[in-house]
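In: just a sequence and a predicted model for now, questions to come.
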Amino acid sequence: MLPKIASLKALAEAEQISTADSLETYRIKFLSKKGLLNELFDDFKNVPGAEKREVGKALNELKLFLEEKLQVARDSNIGDSANSLDENLDLTLPADVYAIGSRHPLSVVRGKISEIFERIGYTVADGPEIEDDWHNFSALNFPAEHPARDMQDTFFVENPSGDEPFVLRTHTSSVQVRMMETSKPPIRMIMPGRVYRNEAISARAHCFFHQTEGLYIDKAVSFADLKQTLLYFAKELFGNSVNIRLRPSYFPFTEPSFEVDVSCSICGAKGCNVCKYTGWLEILGCGMVDPNVLDNCGIDSKEYTGFAFGMGIERIAQLLYRVPDLRLYSENDLRFLNQFKAES
Ligand code: DAH
(Lines give C-alpha, C1' and ligand atoms only; values in the text may rest on other atoms or scores of the structure.)
Protein backbone atom coordinates (compact mmCIF):
# COMPACT_ATOMS: atom_id res chain seq x y z
CA MET A 1 0.00 0.00 0.00
CA LEU A 2 2.76 2.49 0.86
CA PRO A 3 4.44 2.22 -2.58
CA LYS A 4 1.02 2.87 -4.21
CA ILE A 5 0.66 6.03 -2.16
CA ALA A 6 4.14 7.18 -3.12
CA SER A 7 3.56 6.57 -6.81
CA LEU A 8 0.23 8.45 -6.77
CA LYS A 9 2.00 11.39 -5.16
CA ALA A 10 4.67 11.30 -7.85
CA LEU A 11 1.97 11.18 -10.51
CA ALA A 12 0.20 14.22 -9.03
CA GLU A 13 3.47 16.11 -8.72
CA ALA A 14 4.14 15.64 -12.39
CA GLU A 15 0.71 16.98 -13.34
CA GLN A 16 0.88 20.38 -15.09
CA ILE A 17 -2.01 22.71 -14.26
CA SER A 18 -1.97 25.73 -16.53
CA THR A 19 -5.46 26.14 -17.89
CA ALA A 20 -9.01 25.95 -16.59
CA ASP A 21 -9.41 22.63 -18.40
CA SER A 22 -6.31 21.04 -16.88
CA LEU A 23 -7.40 22.23 -13.44
CA GLU A 24 -10.70 20.44 -13.81
CA THR A 25 -9.03 17.32 -15.23
CA TYR A 26 -6.69 17.22 -12.23
CA ARG A 27 -9.59 17.59 -9.78
CA ILE A 28 -11.59 14.78 -11.39
CA LYS A 29 -8.59 12.45 -11.77
CA PHE A 30 -7.33 12.75 -8.22
CA LEU A 31 -9.97 14.22 -5.96
CA SER A 32 -13.44 13.37 -7.26
CA LYS A 33 -15.60 10.62 -5.79
CA LYS A 34 -14.35 8.10 -8.31
CA GLY A 35 -10.84 9.57 -8.38
CA LEU A 36 -7.54 7.88 -7.60
CA LEU A 37 -7.39 9.08 -4.00
CA ASN A 38 -10.75 7.56 -3.14
CA GLU A 39 -9.66 4.29 -4.75
CA LEU A 40 -6.80 4.14 -2.25
CA PHE A 41 -9.15 4.96 0.63
CA ASP A 42 -11.32 2.03 -0.52
CA ASP A 43 -8.25 -0.26 -0.44
CA PHE A 44 -7.51 0.95 3.08
CA LYS A 45 -10.18 -1.40 4.39
CA ASN A 46 -7.99 -4.34 3.40
CA VAL A 47 -4.86 -3.10 5.14
CA PRO A 48 -3.92 -5.39 8.05
CA GLY A 49 -4.58 -3.90 11.48
CA ALA A 50 -0.89 -3.59 12.42
CA GLU A 51 -0.14 -1.40 9.37
CA LYS A 52 -3.31 0.74 9.54
CA ARG A 53 -1.71 3.49 11.62
CA GLU A 54 1.25 4.07 9.32
CA VAL A 55 -0.74 3.71 6.08
CA GLY A 56 -3.55 5.92 7.35
CA LYS A 57 -1.08 8.69 8.15
CA ALA A 58 0.51 8.46 4.70
CA LEU A 59 -2.93 8.51 3.04
CA ASN A 60 -3.97 11.64 4.93
CA GLU A 61 -0.74 13.37 3.99
CA LEU A 62 -1.34 12.49 0.35
CA LYS A 63 -4.86 13.89 0.57
CA LEU A 64 -3.56 17.19 1.98
CA PHE A 65 -0.91 17.37 -0.70
CA LEU A 66 -3.44 16.83 -3.51
CA GLU A 67 -5.88 19.37 -2.09
CA GLU A 68 -3.21 21.97 -1.56
CA LYS A 69 -2.01 21.66 -5.13
CA LEU A 70 -5.59 22.22 -6.30
CA GLN A 71 -5.98 25.28 -4.07
CA VAL A 72 -2.69 26.83 -5.17
CA ALA A 73 -3.77 26.45 -8.79
CA ARG A 74 -7.16 28.00 -8.02
CA ASP A 75 -5.63 30.92 -6.13
CA SER A 76 -3.41 31.79 -9.03
CA ASN A 77 -6.63 32.44 -10.99
CA ILE A 78 -5.89 29.91 -13.67
CA GLY A 79 -8.92 29.75 -15.86
CA ASP A 80 -10.05 33.26 -15.04
CA SER A 81 -10.56 34.64 -18.51
CA ALA A 82 -9.52 38.15 -17.45
CA ASN A 83 -6.13 36.77 -16.48
CA SER A 84 -5.42 34.32 -19.22
CA LEU A 85 -3.90 35.68 -22.35
CA ASP A 86 -6.58 35.54 -24.97
CA GLU A 87 -5.07 35.48 -28.40
CA ASN A 88 -8.12 37.24 -29.87
CA LEU A 89 -7.79 40.27 -27.60
CA ASP A 90 -7.55 43.45 -29.70
CA LEU A 91 -5.35 45.81 -27.75
CA THR A 92 -5.84 48.59 -30.30
CA LEU A 93 -9.56 48.99 -29.49
CA PRO A 94 -10.44 52.32 -27.83
CA ALA A 95 -11.20 52.06 -24.10
CA ASP A 96 -14.79 52.20 -22.80
CA VAL A 97 -15.92 55.77 -22.29
CA TYR A 98 -16.57 56.72 -18.67
CA ALA A 99 -20.12 57.99 -18.17
CA ILE A 100 -19.24 61.27 -16.48
CA GLY A 101 -22.01 63.49 -15.12
CA SER A 102 -22.66 67.10 -15.94
CA ARG A 103 -23.31 70.19 -13.86
CA HIS A 104 -26.90 70.88 -12.92
CA PRO A 105 -28.46 73.63 -15.07
CA LEU A 106 -29.12 75.73 -11.98
CA SER A 107 -25.45 75.51 -10.98
CA VAL A 108 -24.48 76.46 -14.51
CA VAL A 109 -26.75 79.53 -14.47
CA ARG A 110 -25.73 80.50 -10.93
CA GLY A 111 -22.12 80.36 -12.13
CA LYS A 112 -22.85 82.48 -15.20
CA ILE A 113 -24.58 85.16 -13.12
CA SER A 114 -21.82 85.28 -10.49
CA GLU A 115 -19.14 85.43 -13.17
CA ILE A 116 -20.76 88.41 -14.89
CA PHE A 117 -20.79 90.37 -11.64
CA GLU A 118 -17.34 89.22 -10.59
CA ARG A 119 -16.03 90.85 -13.77
CA ILE A 120 -17.13 94.24 -12.42
CA GLY A 121 -15.71 93.80 -8.95
CA TYR A 122 -18.43 91.93 -7.03
CA THR A 123 -17.46 89.15 -4.64
CA VAL A 124 -19.65 86.11 -3.91
CA ALA A 125 -21.02 85.69 -0.37
CA ASP A 126 -23.11 83.09 1.40
CA GLY A 127 -25.49 82.92 4.36
CA PRO A 128 -27.54 80.40 6.36
CA GLU A 129 -30.77 78.87 5.04
CA ILE A 130 -32.31 78.76 8.52
CA GLU A 131 -32.71 82.38 9.53
CA ASP A 132 -34.09 84.41 12.37
CA ASP A 133 -36.93 86.88 11.95
CA TRP A 134 -34.54 89.82 12.17
CA HIS A 135 -32.42 88.89 9.14
CA ASN A 136 -35.26 87.61 6.98
CA PHE A 137 -37.85 90.28 7.81
CA SER A 138 -37.40 92.91 10.52
CA ALA A 139 -34.05 94.36 9.45
CA LEU A 140 -35.41 94.54 5.92
CA ASN A 141 -38.14 96.90 7.00
CA PHE A 142 -41.03 94.43 6.82
CA PRO A 143 -43.90 95.82 8.88
CA ALA A 144 -45.11 93.35 11.53
CA GLU A 145 -48.34 92.63 9.67
CA HIS A 146 -46.74 92.18 6.25
CA PRO A 147 -48.40 89.26 4.40
CA ALA A 148 -45.02 87.66 3.58
CA ARG A 149 -44.73 86.75 7.26
CA ASP A 150 -47.96 84.84 7.03
CA MET A 151 -47.91 81.07 7.51
CA GLN A 152 -49.00 80.87 3.85
CA ASP A 153 -45.58 81.87 2.60
CA THR A 154 -43.08 81.07 5.29
CA PHE A 155 -41.87 77.79 6.73
CA PHE A 156 -41.24 78.22 10.43
CA VAL A 157 -38.71 76.14 12.34
CA GLU A 158 -39.11 75.50 16.03
CA ASN A 159 -36.57 77.31 18.16
CA PRO A 160 -35.10 74.87 20.72
CA SER A 161 -34.67 77.72 23.23
CA GLY A 162 -38.43 78.33 23.16
CA ASP A 163 -37.96 81.85 21.74
CA GLU A 164 -39.54 83.18 18.57
CA PRO A 165 -39.36 80.49 15.84
CA PHE A 166 -36.69 80.49 13.14
CA VAL A 167 -37.70 80.62 9.47
CA LEU A 168 -36.43 78.92 6.36
CA ARG A 169 -35.27 82.03 4.53
CA THR A 170 -37.87 83.17 2.03
CA HIS A 171 -35.35 85.17 0.01
CA THR A 172 -31.62 85.76 -0.21
CA SER A 173 -32.14 89.37 0.92
CA SER A 174 -31.36 88.04 4.41
CA VAL A 175 -27.73 87.66 3.31
CA GLN A 176 -27.65 91.40 2.47
CA VAL A 177 -28.41 92.13 6.09
CA ARG A 178 -25.66 89.82 7.34
CA MET A 179 -23.13 91.34 4.95
CA MET A 180 -24.02 94.91 5.90
CA GLU A 181 -23.83 94.04 9.59
CA THR A 182 -20.37 92.55 9.26
CA SER A 183 -18.61 94.57 6.54
CA LYS A 184 -17.79 98.19 5.97
CA PRO A 185 -18.65 100.01 2.71
CA PRO A 186 -17.74 99.90 -0.06
CA ILE A 187 -19.71 96.64 -0.31
CA ARG A 188 -20.10 95.03 -3.70
CA MET A 189 -21.47 91.52 -3.33
CA ILE A 190 -23.47 88.86 -5.09
CA MET A 191 -25.26 86.31 -2.90
CA PRO A 192 -26.66 83.15 -4.51
CA GLY A 193 -28.56 80.52 -2.55
CA ARG A 194 -31.62 78.38 -1.96
CA VAL A 195 -34.82 79.85 -0.56
CA TYR A 196 -38.08 78.31 0.67
CA ARG A 197 -41.75 79.24 0.44
CA ASN A 198 -44.82 77.41 1.54
CA GLU A 199 -46.33 77.06 -1.94
CA ALA A 200 -48.20 74.23 -3.62
CA ILE A 201 -45.84 72.55 -6.10
CA SER A 202 -46.79 73.08 -9.76
CA ALA A 203 -45.15 73.83 -13.11
CA ARG A 204 -44.81 77.47 -12.04
CA ALA A 205 -44.17 77.30 -8.28
CA HIS A 206 -42.12 75.17 -5.91
CA CYS A 207 -41.59 75.07 -2.17
CA PHE A 208 -37.88 75.68 -2.71
CA PHE A 209 -36.03 77.54 -5.41
CA HIS A 210 -32.90 79.64 -5.86
CA GLN A 211 -32.15 83.31 -5.97
CA THR A 212 -29.19 85.56 -6.45
CA GLU A 213 -29.07 88.77 -4.51
CA GLY A 214 -26.87 91.73 -5.41
CA LEU A 215 -25.80 94.63 -3.21
CA TYR A 216 -23.69 97.71 -3.83
CA ILE A 217 -23.16 100.24 -1.04
CA ASP A 218 -20.79 103.19 -1.18
CA LYS A 219 -20.73 106.96 -1.02
CA ALA A 220 -22.93 108.51 -3.72
CA VAL A 221 -24.22 105.32 -5.35
CA SER A 222 -27.02 106.50 -7.60
CA PHE A 223 -30.02 105.15 -9.42
CA ALA A 224 -28.08 105.65 -12.68
CA ASP A 225 -25.47 103.18 -11.38
CA LEU A 226 -28.20 100.64 -10.73
CA LYS A 227 -29.69 101.00 -14.19
CA GLN A 228 -26.35 100.79 -15.95
CA THR A 229 -25.27 97.75 -13.90
CA LEU A 230 -28.47 95.90 -14.78
CA LEU A 231 -28.20 96.82 -18.46
CA TYR A 232 -24.64 95.49 -18.50
CA PHE A 233 -25.81 92.30 -16.78
CA ALA A 234 -28.71 91.74 -19.20
CA LYS A 235 -26.51 92.21 -22.25
CA GLU A 236 -23.81 89.88 -20.91
CA LEU A 237 -26.37 87.19 -20.12
CA PHE A 238 -28.84 87.39 -23.01
CA GLY A 239 -26.77 89.04 -25.74
CA ASN A 240 -25.83 92.52 -26.80
CA SER A 241 -29.08 93.29 -28.57
CA VAL A 242 -31.35 93.04 -25.50
CA ASN A 243 -32.77 96.08 -23.82
CA ILE A 244 -34.20 96.57 -20.35
CA ARG A 245 -37.06 98.52 -18.87
CA LEU A 246 -37.84 99.33 -15.25
CA ARG A 247 -41.40 99.36 -13.91
CA PRO A 248 -42.17 100.98 -10.56
CA SER A 249 -42.90 98.38 -7.87
CA TYR A 250 -42.83 97.90 -4.12
CA PHE A 251 -40.43 96.09 -1.79
CA PRO A 252 -40.20 97.02 1.90
CA PHE A 253 -36.40 97.18 1.80
CA THR A 254 -35.93 99.43 -1.24
CA GLU A 255 -37.18 102.92 -2.06
CA PRO A 256 -37.80 103.50 -4.89
CA SER A 257 -38.35 99.91 -6.06
CA PHE A 258 -38.61 98.46 -9.55
CA GLU A 259 -39.25 95.33 -11.47
CA VAL A 260 -36.95 94.83 -14.42
CA ASP A 261 -37.90 93.34 -17.77
CA VAL A 262 -35.58 92.36 -20.60
CA SER A 263 -36.70 92.51 -24.21
CA CYS A 264 -37.67 89.02 -25.32
CA SER A 265 -34.63 87.48 -26.98
CA ILE A 266 -36.70 84.53 -28.16
CA CYS A 267 -38.84 86.51 -30.61
CA GLY A 268 -36.63 89.60 -30.86
CA ALA A 269 -39.31 91.53 -28.89
CA LYS A 270 -41.85 90.97 -31.66
CA GLY A 271 -44.19 89.01 -29.37
CA CYS A 272 -44.40 85.25 -28.77
CA ASN A 273 -46.04 82.86 -26.32
CA VAL A 274 -43.03 82.97 -23.94
CA CYS A 275 -43.29 86.77 -23.51
CA LYS A 276 -47.07 86.49 -23.75
CA TYR A 277 -46.98 88.73 -26.84
CA THR A 278 -45.68 91.70 -24.86
CA GLY A 279 -42.09 91.61 -26.14
CA TRP A 280 -40.84 91.78 -22.51
CA LEU A 281 -39.79 89.22 -19.89
CA GLU A 282 -39.61 89.98 -16.18
CA ILE A 283 -36.27 88.92 -14.67
CA LEU A 284 -35.69 90.65 -11.34
CA GLY A 285 -36.66 93.06 -8.58
CA CYS A 286 -34.44 95.93 -7.49
CA GLY A 287 -34.25 99.36 -5.93
CA MET A 288 -32.26 101.84 -3.89
CA VAL A 289 -31.65 100.40 -0.42
CA ASP A 290 -34.11 102.01 2.01
CA PRO A 291 -32.22 104.26 4.50
CA ASN A 292 -34.00 102.41 7.35
CA VAL A 293 -32.35 99.17 6.23
CA LEU A 294 -28.91 100.78 6.14
CA ASP A 295 -29.40 102.15 9.65
CA ASN A 296 -30.79 98.82 10.91
CA CYS A 297 -27.59 97.17 9.74
CA GLY A 298 -25.21 99.72 11.26
CA ILE A 299 -24.42 101.69 8.11
CA ASP A 300 -24.88 105.45 8.32
CA SER A 301 -27.59 106.32 5.79
CA LYS A 302 -26.50 109.97 5.80
CA GLU A 303 -23.10 108.99 4.51
CA TYR A 304 -23.87 106.01 2.30
CA THR A 305 -26.37 104.99 -0.35
CA GLY A 306 -26.72 101.77 -2.27
CA PHE A 307 -28.76 99.61 -4.54
CA ALA A 308 -29.90 96.00 -4.32
CA PHE A 309 -31.46 93.52 -6.65
CA GLY A 310 -32.71 89.96 -6.49
CA MET A 311 -33.51 87.43 -9.17
CA GLY A 312 -34.77 83.85 -9.40
CA ILE A 313 -32.16 81.49 -10.84
CA GLU A 314 -34.84 79.05 -12.07
CA ARG A 315 -36.51 81.91 -13.92
CA ILE A 316 -33.27 82.92 -15.67
CA ALA A 317 -32.52 79.27 -16.54
CA GLN A 318 -36.06 78.92 -17.87
CA LEU A 319 -35.50 81.86 -20.20
CA LEU A 320 -32.03 80.77 -21.31
CA TYR A 321 -32.97 77.14 -21.95
CA ARG A 322 -36.77 77.34 -22.39
CA VAL A 323 -37.49 75.01 -19.49
CA PRO A 324 -41.30 74.69 -19.42
CA ASP A 325 -41.81 73.22 -15.94
CA LEU A 326 -40.09 74.17 -12.65
CA ARG A 327 -40.36 70.63 -11.33
CA LEU A 328 -37.85 69.39 -13.90
CA TYR A 329 -35.03 71.03 -11.94
CA SER A 330 -35.48 68.78 -8.94
CA GLU A 331 -36.67 65.47 -10.37
CA ASN A 332 -33.22 64.13 -11.30
CA ASP A 333 -34.43 62.90 -14.67
CA LEU A 334 -31.28 62.16 -16.66
CA ARG A 335 -33.09 62.79 -19.94
CA PHE A 336 -33.42 66.41 -18.79
CA LEU A 337 -30.05 66.76 -17.07
CA ASN A 338 -28.01 65.24 -19.90
CA GLN A 339 -29.10 68.06 -22.19
CA PHE A 340 -26.83 70.45 -20.27
CA LYS A 341 -23.59 68.53 -20.82
CA ALA A 342 -22.27 71.12 -23.25
CA GLU A 343 -22.81 73.89 -20.67
CA SER A 344 -20.69 72.32 -17.96
N1 DAH B 1 -36.35 89.61 -2.14
C2 DAH B 1 -37.19 89.84 -3.30
C3 DAH B 1 -38.06 88.61 -3.54
O4 DAH B 1 -37.75 87.56 -3.04
C5 DAH B 1 -36.37 90.12 -4.51
C6 DAH B 1 -35.69 91.44 -4.41
C7 DAH B 1 -36.33 92.57 -4.84
C8 DAH B 1 -34.43 91.54 -3.87
C9 DAH B 1 -35.72 93.80 -4.77
C10 DAH B 1 -33.80 92.78 -3.77
C11 DAH B 1 -34.46 93.90 -4.24
O12 DAH B 1 -32.60 92.94 -3.26
O13 DAH B 1 -33.86 95.10 -4.14
O14 DAH B 1 -39.02 88.71 -4.22
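Out: That came through fine.
In: okay, now residue 129: neighbour count?
Out: 16 (other CB atoms under 10 Å). Placement of C-beta: from N, CA and C, glycine included.
In: show the contacting residues for the closest residue to residue 251 other than its chain neighbours.
Out: Excluding the flanking residues, the one nearest residue 251 by CB to CB, 6 or more residues apart in numbering is residue 257, at 4.4 Å. Residues in contact with residue 257, defined by CB atoms under 8 Å, 6 or more residues apart in numbering, are 248-251, 285-287.
In: which is the next helix or strand following the helix or strand in which residue 257 is found?
Out: Per DSSP states H and E: residue 257 is located in strand 254-263. Next in sequence after strand 254-263, counting helices and strands by DSSP H and E, comes strand 280-289.
In: so what touches that following strand?
Out: So strand 280-289 is contacted by 215, 217, 223, 226, 230, 234, 245-246, 249, 251, 253-264, 269, 274-275, 305-312, 315-316, 319 (CB under 8 Å, 6+ apart).
In: from these, which would you call buried?
Out: Buried positions within those, assessed by neighbour count (16 or more other CB atoms under 10 Å), are 215, 217, 226, 230, 234, 246, 251, 253-254, 257-264, 269, 275, 305-312, 315-316, 319.
In: run a quick neighbour tally on the residue of the stretch 151-300 of the chain found nearest the ligand.
Out: In the stretch 151-300 of the chain, the residue that lies nearest the ligand is residue 285 (2.8 Å; CB to the nearest ligand atom). By other CB under 10 Å, 21 other residues sit near residue 285.
In: residue 329 against residue 108, yeah?
Out: No. If you go by CB atoms under 8 Å, residue 329 and residue 108 don't touch, sitting 11.5 Å apart.
In: what residues are shared contacts of these two?
Out: residue 317.
In: near the ligand, which residues of the protein show up?
Out: Within reach of the ligand by CB under 6 Å from any ligand atom, the chain has these residues: 171, 173, 213, 251, 254, 285-287, 308-310.
In: now render these as JSON lines, adding pLDDT and distance to residue 62.
Out: Output for those, formatted as JSON lines (pLDDT from 0 to 100; distance: CB to CB, whole Å):
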{"residue": "171", "pLDDT": "96", "distance to residue 62": "83"}
{"residue": "173", "pLDDT": "97", "distance to residue 62": "85"}
{"residue": "213", "pLDDT": "98", "distance to residue 62": "83"}
{"residue": "251", "pLDDT": "93", "distance to residue 62": "92"}
{"residue": "254", "pLDDT": "97", "distance to residue 62": "94"}
{"residue": "285", "pLDDT": "97", "distance to residue 62": "89"}
{"residue": "286", "pLDDT": "98", "distance to residue 62": "91"}
{"residue": "287", "pLDDT": "98", "distance to residue 62": "95"}
{"residue": "308", "pLDDT": "98", "distance to residue 62": "89"}
{"residue": "309", "pLDDT": "98", "distance to residue 62": "88"}
{"residue": "310", "pLDDT": "98", "distance to residue 62": "85"}
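In: dump those into TSV; add distance to residue 57 as well.
Out: Formatted as TSV, those follow (distance: CB to CB, whole Å):
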residue	distance to residue 57
171	86
173	89
213	86
251	96
254	98
285	94
286	95
287	98
308	93
309	92
310	89
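In: which residues of the stretch 101-250 of the chain fall in strands?
Out: Residue ranges of the strands in the stretch 101-250 of the chain, as given by DSSP state E, counting those that start in this stretch, are 123-124, 130-131, 156-157, 166-168, 187-196, 208-218, 244-251.
In: which helices and strands does the third one pack with?
Out: What it means is strand 156-157. Packing partners of strand 156-157 (3 or more CB pairs under 8 Å, 6 or more residues apart in numbering; DSSP states H and E): strand 166-168.
In: repeat for the last one
Out: Contact here means 3+ CB pairs under 8 Å, 6+ apart; on that basis strand 244-251 packs against helix 223-238, strand 254-263, strand 280-289.
In: of all those, which one is nearest residue 94?
Out: helix 223-238 (38.5 Å; CB to CB).
In: tell me which element the closest residue to the ligand within the stretch 201-344 of the chain is part of?
Out: Across the stretch 201-344 of the chain, the shortest distance to the ligand (CB to the nearest ligand atom) belongs to residue 310, at 2.4 Å. Element membership for residue 310, per DSSP H and E: strand 305-312.
In: ok, that strand: who's next to it in the sheet?
Out: strand 208-218 (antiparallel), strand 280-289 (antiparallel) (DSSP bridges).
In: next helix or strand past that strand?
Out: Downstream of strand 305-312, the first helix or strand assigned by DSSP H and E is helix 313-321.
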